[in-house]
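>>> this one's structure only:
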C-alpha cells in the first residue's frame with residue numbers, strides 16, 4: 001500500500017536525461033542521495049503521443065517549447081521503452097522507489113511487466129477515461145494530477161477509480177504552467193480537493209523554488225512532486241522548472257521540518273515550556289501578613305515568579321481574611337486563603 005502518513009517526495013526525471021541512458025541513471029542516484037523517496041519516469045513514444053504532421057494543429061507556437069512540433073518534442077523528451085527495466089532495477093539498488101506515468105495502454109503493459117508499485121496519471125490525461133480505466137484495472141494505488149481540470153472532470157476520473165475498487169489514491173493539486181508563476185500556484189486548492197473528494201492530497205509543482213511545496217505541506221499535502229535535473233544550465237526539456245540536487249536536498253530538509261512543526265494540534269503544555277511555567281506571574285506577599293489580617297493591594301501583588309496562586313484570583317482575594325501567617329516574599333497558596341462564600 002502507498003504510505004502517505006508522512007511527506008513523500010517524488011523527483012520527476014521526465015526528459016531531463018537528454019537522451020542519455022547514463023545521465024538517466026545519474027539522475028536516479030542523485031535523487032536518492034538528496035532526499036527523494038521516489039523517482040518518476042514518463043512512459044511513451046512520440047508515436048503513442050501524437051502523429052508526425054506539418055499541419056498547424058501539431059505545431060507549438062508559444063511557451064517553453066515554442067517552434068517544436070508535438071512529435072519532435074516527444075521524440076526529444078521520451079524515455080525509450082528498452083531503458084525502463086534497467087532503470088527500475090537501478091533505482092532499487094539505489095534504495096529509491098521508481099514509478100512512471102503511462103500515456104497509453106502499451107506503456108501500462110510495460111510497467112505491469114516491471115511490477116511498478118503504483119501509477120501516476122498526468123494532468124493532460126485526466127480526461128482520457130479509457131486510459132484511466134485500463135490503469136485502474138491493474139488494481140494498484142494511483143496518483144492523479146488535476147492541472148487544468150474542472151470539478152466535473154476530476155469527479156468523472158475518480159468515479160472510474162472507485163468503480164474499479166481502488167481505495168488507495170492521491171489527488172494532486174497542479175497548475176500546468178511551465179514554469180508556474182508563484183502567484184498562480186493557488187495552494188489553497190488543497191483544502192478544496194480534500195473537502196470535496198475526501199482523499200489524500202498532494203502537489204505536483206511547477207513553480208521555481210520551495211515556497212509552494214512548503215505551503216502545501218503546511219496545508220496538509222501528503223505527497224510533493226518536483227521535476228528534477230542535474231543542472232538547469234544543461235537545458236533539458238523540463239530543466240527550466242526543475243530542481244537541482246542541492247535544492248532537492250534543502251527541500252527535503254525543510255519539508256521534514258515543516259511537517260514536524262505541524263504536530264497534532266492541542267492546548268497541552270509542551271515539554272519545552274514546562275520549565276518556563278515558573279516565570280509566569282503569581283500572587284506573592286510583599287509585606288508580612290499575620291493570620292486574621294485582610295488581603296489588600298498594599299500587601300499582595302501579582303509578580304513573577306509563578307510559585308504562588310494564579311493572578312486570576314487577585315480580585316477575589318482582596319478584602320478577604322488571611323488564614324495563615326505570610327512573610328514578605330512568600331508565595332500565597334491555598335493554605336493562606338478562604339474563598340468560601342465569595343463569588
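Received the coordinates, thanks. Model, not experiment: these values are computed from the prediction.
>>> can I assume residue 139 is in contact with residue 169?
No. Between residue 139 and residue 169 there is no contact under C-beta atoms under 8 Å: 11.8 Å. Every C-beta, even on glycine, is put in place using the N, C-alpha and C of the backbone.
>>> these two: which is more packed in?
residue 169 (22 against 11; other C-beta atoms under 10 Å).
>>> now do the contacts for the more buried one.
Counting by C-beta atoms under 8 Å, 6 or more residues apart in numbering, residue 169 touches 141-144, 158, 161, 199-200.
>>> try it again at 6 Å.
142, 161 (C-beta atoms under 6 Å, 6 or more residues apart in numbering).
>>> so for it, what's the pLDDT?
Looking at residue 169, its pLDDT reads 96.
>>> could you measure from it over to residue 216?
Distance of residue 169 to residue 216, given as C-beta to C-beta, to the nearest Å: 17 Å.
>>> same check, this time on residue 105
32 Å.
>>> what do you get for residue 256?
Using C-beta to C-beta, residue 256 is found at 14 Å from residue 216.
>>> between the two, who's got more neighbours?
Comparing residue 256 with residue 216 by other C-beta under 10 Å, the one with more neighbours is residue 216, at 28 against 15.
>>> state the helix or strand in which that one lies.
Residue 216 belongs to helix 211-218 when assigned by DSSP states H and E.
>>> all helices for the stretch 201-343 of the chain, in order.
211-218, 245-262, 314-317 (DSSP state H, counting those that start in this stretch).
>>> can I get the ones you listed in JSON lines with distance to residue 130?
JSON lines is the format used below for the helices of the stretch 201-343 of the chain (distance: least, C-beta to C-beta, whole Å):
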{"stretch": "helix 211-218", "distance to residue 130": "31"}
{"stretch": "helix 245-262", "distance to residue 130": "35"}
{"stretch": "helix 314-317", "distance to residue 130": "74"}
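>>> can you say which of the ones you listed is packed in most?
Across the helices of the stretch 201-343 of the chain, averaging neighbours per residue (mean count of other C-beta atoms under 10 Å) puts helix 211-218 on top, at a mean of 21.
>>> now that helix against helix 245-262, angle please.
Going by axes from the mean of the first three to the mean of the last three C-alpha atoms, to 10 degrees, helix 211-218 is angled at 30 degrees with respect to helix 245-262.
>>> so what touches helix 211-218?
By C-beta under 6 Å, 6+ apart, helix 211-218 touches 7, 185, 187, 190, 203, 205, 224, 254-255, 258-259.
>>> pull the most distant pair out of these.
Maximum pairwise distance among the contacts of helix 211-218 (C-beta to C-beta): 19.1 Å, between 185 and 259.
>>> pull out the buried positions in stretch 225-240.
The neighbour-count check on stretch 225-240 (16 or more other C-beta atoms under 10 Å) flags 225-230, 232, 236-239 as buried.
>>> excluding chain neighbours, give the residue nearest to residue 179 in space.
With C-beta to C-beta, 6 or more residues apart in numbering as the criterion, residue 179 has its nearest non-adjacent residue at 3.7 Å, and that residue is residue 241.
>>> and if you look at residue 233?
Using C-beta to C-beta, 6+ apart, the nearest residue to residue 233 is residue 239, at 8.0 Å.
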